[in-house]
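Participant: Any chance you can model this:
(one chain, ligands or ions: 2)
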Amino acid sequence: MPKLYADTNLQYIKGVGPKTAEAFYEKGITNLEELLQFYPRTYEDNRIATKIASLKPGSRVSLIAEIYSIQSNSHSRRHELIIQDSTGQISCSFFRLPYRGYFNQFQRGFKVKVSGTVSIYRGKLQFNHPQVSLLKKDEVLEDKLISVYPELSISSVKIRSIMDSALEAFNNKENIITLKEVLPLWLQKEFNILDLQKTLLNIHKPNIKDAEDFLNFKTSYQKRIIFEEFFYLQLHLALKKYGMIEQKSISMKKQTKLVNNFLDSLGFKLTDAQATAFNEIESDLYGTKVMHRLLQGDVGSGKTLVALLSVLTVIANGYQAVLMVPTEVLAKQHFKTAFSILKKLGFKTELLTGSIKAKEKKQIVEKLSSGEIDFCIGTHAVIQSTVKFKNLALVIVDEQHRFGVGQRNKLHSKACNPHFLVMTATPIPRTLSMTVYGDLDTSVLKEKPKGRQPIITRAIYENKKDKVWDFVLKQITAGRQAYIIYPLVEESEKLDLQNVTDSYEKLKNIFPKSVKLALLHGRMKSEEKDQVMKKLENKEIDILVSTTVIEVGIDIPNANIIVIENAERFGLAQLHQLRGRVGRGLHKSYCVLISSFKSSKESFDRTRILENSDDGFFIAEEDLNLRGPGDMSGLRQSGIPDFKMANIIRDVLTLKEARLAAFKLIKKDPKLELLEHQNLKSAYKKYSKNFIA
Ligand code: ADP
Ligand code: MG
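Facilitator: Numbering: from 1, shown residues only. Ligands and ions are numbered 1, 2, ... in the order given. Next comes the predicted model:
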């Protein structure tokens, strides 16, 4: 046998044929070292619990039992298997079956293996949605955790057997396999991070004694891997931030008089939060370094005003500013607010959206490049390559979660080192903002303008709909306006569109003829949408039936009730956004969240969180806890990579450590030039290809 080295091609490992090798190559794994660092994503719990009688709530177990009874009720949507062994019985309960006819494979008396978490329901122990499989003849169950690897084009059994040979080779003293450690020693010591060698000896073959910790991702082996995953991302952010600090920018002069004139013309005072945020922005603008700031504020907290003050400061210094928003409706609304105020102060604002006629657009583009326009508000149209500025110094992106990182960067590249302000009403929980916006400074508008009334929120099931319509009618009779919202999600866009149009027709029959309804959805032409919005503002429409196109920014103070159907299909943060469309005036406002009967109790209960909270940050955090980051609207595209093992919620402490470590490292060695950081540097380069920002 020839000796094996860390960089020996994996073809030389026992059991690896061309097909297997190919499967690994596809994932960029070519040699022994890389193979050993192909870590299990998680573990399957294959421990066998002793007996049903010994089960304790909260524990995750597998056990072997016999089917006692099978009950499936498609009306109540409850499906139940009762299993038993010599010591007792327990119920396996399902809200939704994994697939139609799932229960057909089972019969009374069949032996099954059941894996799941023991929970308590109405004082009795049960399994909720466990995995149940028929026990094969002669199947022997081993008492162990089984490594589950990321998917490849070969079977997981094969992957595990290859891993066994690789570990064998690694442990064989004949071979000389030294692994490249990427995390510098000082960092391992300071942050209590296990070295690579120990990690991989244990991670592939977890010790059954530590099973509980392994299953909960609490072992120091897993921590090492999770830390490393977070660390690359945080290093990325730290490098970006450091790079930005170095960037010089145009420094502005204070514009006290104009700013005061502007504030005087408002008819209300800035909230303390707005004043603080503007101060923070101002001091960025007066400095010599580029501003990179995130302005976070719940719906209705008055971000636009802070943005306009910043714009004013910049254009009064003789430079240009641009504001990009996600929808045309919103662009127009901002334009309406900004245009007249800025005109009075002697500045020219222009609107640039996709629906503006080519001829007019050409004129606007010319005026932007000649510098005749001071401030441009627009949609995606502003990032087209034809759009050039004379001396752009401030870029603002509103409702930034609606944009991909690419679009943001494109706008940013329209000038040389412009000051950069991104605004978001999706209150991003701290854990997340750390991963995504770790490179930005943050200002938060926690407080809302005075005089806002809390929005009374009720979550109900669809059987109470009639009462809701009665209530809506009462509000309309009193002179108010209402929104009725239907979901529109990408996968089933066609069906949903049908849903909103059908409902619109139905609602027309429910309300008396005198009530004027209108329909609004994203597929309508922009002129049509404009007309609807104009009519809504002029109170020519009483009820707007709409999809979530109204989610962002729409401001109609007379509207005081919003009804959301199929509320269970929305994320909490999104529901909160939608709710923010009301409660904008002096009228008492209401939000009704209607869940369909089809929804599970869990998702109904989830909507009830909004009954008791109007704190966007709290709601977003709950949403994150309940649904995980993948579901948070728009966060996918905002730059969080898919981690292999790390989970930003579960592993938040490790995330914080990784962040601390990364910033510490960059302070020590800003360009990663030290010898002890060279392995890290090349690993980071490889890894950072996954980061889109
Ligand atoms: P958002 O943060 O959701 O973008 P907006 O900027 O649209 O909020 O502001 C919501 C409403 O509050 C607007 O009608 C705006 O004119 C008003 N507003 C903003 N600041 C104040 C304030 N300090 N006092 C009273 N009303 C304000
Ligand atoms: Mg806004």
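
Participant: what's the least confident helix or strand in the protein, going by average pLDDT?
Facilitator: When each helix and strand of the chain is scored by mean pLDDT, DSSP states H and E, helix 405-412 comes last, with a mean of 66.

Participant: following that helix, which helix or strand comes up?
Facilitator: Note on helix 405-412: by DSSP states H and E, the next helix or strand toward the C-terminus is strand 419-424.

Participant: Show me what that following strand is packed against.
Facilitator: Packing partners of strand 419-424 (3 or more C-beta pairs under 8 Å, 6 or more residues apart in numbering; DSSP states H and E): helix 272-286, strand 292-297, helix 303-316, strand 392-397. C-beta here means a position set from N, CA and C on the backbone, and glycine is covered the same way.

Participant: quick one: the first one to strand 419-424, angle?
Facilitator: Spelled out, it's helix 272-286. 150 degrees (axes from the mean of the first three to the mean of the last three C-alpha atoms, to 10 degrees).

Participant: now helix 272-286: how far from the chain's centre is it?
Facilitator: 27 Å (C-alpha atoms, centre = their mean, to the nearest Å).

Participant: Please apply the same query to stretch 62-73.
Facilitator: Once both centres are worked out by C-alpha atoms, centre = their mean, stretch 62-73 turns out to sit 38 Å from its chain's centre.

Participant: Same question for stretch 340-355.
Facilitator: That offset, for stretch 340-355, works out to 33 Å (C-alpha atoms, centre = their mean).

Participant: go on, stretch 234-250?
Facilitator: With C-alpha atoms, centre = their mean, you get 24 Å for stretch 234-250.

Participant: what does stretch 366-385 give?
Facilitator: Here stretch 366-385 is found 31 Å from its chain centre; the criterion is C-alpha atoms, centre = their mean.

Participant: could I get it in CSV with only the CA atoms?
Facilitator: Taking Å, rounded to 0.1, in the frame of the first residue of the first chain, the C-alpha atoms of stretch 366-385 are listed here in CSV:
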residue,chain,number,x,y,z
GLU,A,366,-29.9,64.5,-19.4
LYS,A,367,-30.9,66.8,-16.5
LEU,A,368,-29.4,64.3,-14.0
SER,A,369,-26.1,64.2,-15.8
SER,A,370,-26.0,68.0,-16.2
GLY,A,371,-26.8,68.4,-12.5
GLU,A,372,-30.0,70.4,-13.1
ILE,A,373,-31.9,68.0,-11.0
ASP,A,374,-30.9,68.0,-7.3
PHE,A,375,-32.8,65.1,-6.0
CYS,A,376,-34.1,62.1,-7.9
ILE,A,377,-36.7,59.7,-6.5
GLY,A,378,-37.4,56.5,-8.4
THR,A,379,-37.9,52.8,-8.7
HIS,A,380,-35.5,50.3,-10.3
ALA,A,381,-35.4,52.7,-13.2
VAL,A,382,-32.7,54.7,-11.4
ILE,A,383,-30.2,51.9,-11.7
GLN,A,384,-30.4,51.5,-15.4
SER,A,385,-27.1,52.0,-17.1
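
Participant: And the contacts of that stretch?
Facilitator: Contacting residues not belonging to stretch 366-385 are listed as 311, 315, 320-328, 331, 334-335, 338, 342, 347-354, 356, 361, 364, 387-391, 407, 410-411, 414 [C-beta atoms under 8 Å, 6 or more residues apart in numbering].

Participant: Could you rerun that using 6 Å?
Facilitator: 311, 315, 321-324, 328, 331, 334-335, 347-354, 388-390, 410-411 (C-beta atoms under 6 Å, 6 or more residues apart in numbering).

Participant: Please flag which of those residues sit within helices.
Facilitator: Residues from these lying in helices, with DSSP state H as the criterion: 311, 315, 328, 331, 334-335, 410-411.

Participant: and which of the residues you listed is nearest to residue 300?
Facilitator: Nearest to residue 300 among the ones in helices among the contacts of stretch 366-385: residue 334, at 14.8 Å, using C-beta to C-beta.

Participant: before we move on, back to that, by mean pLDDT, show me the worst of the helices and strands packed on strand 419-424.
Facilitator: Among the helices and strands packed on strand 419-424, strand 292-297 has the lowest mean pLDDT, at a mean of 89.
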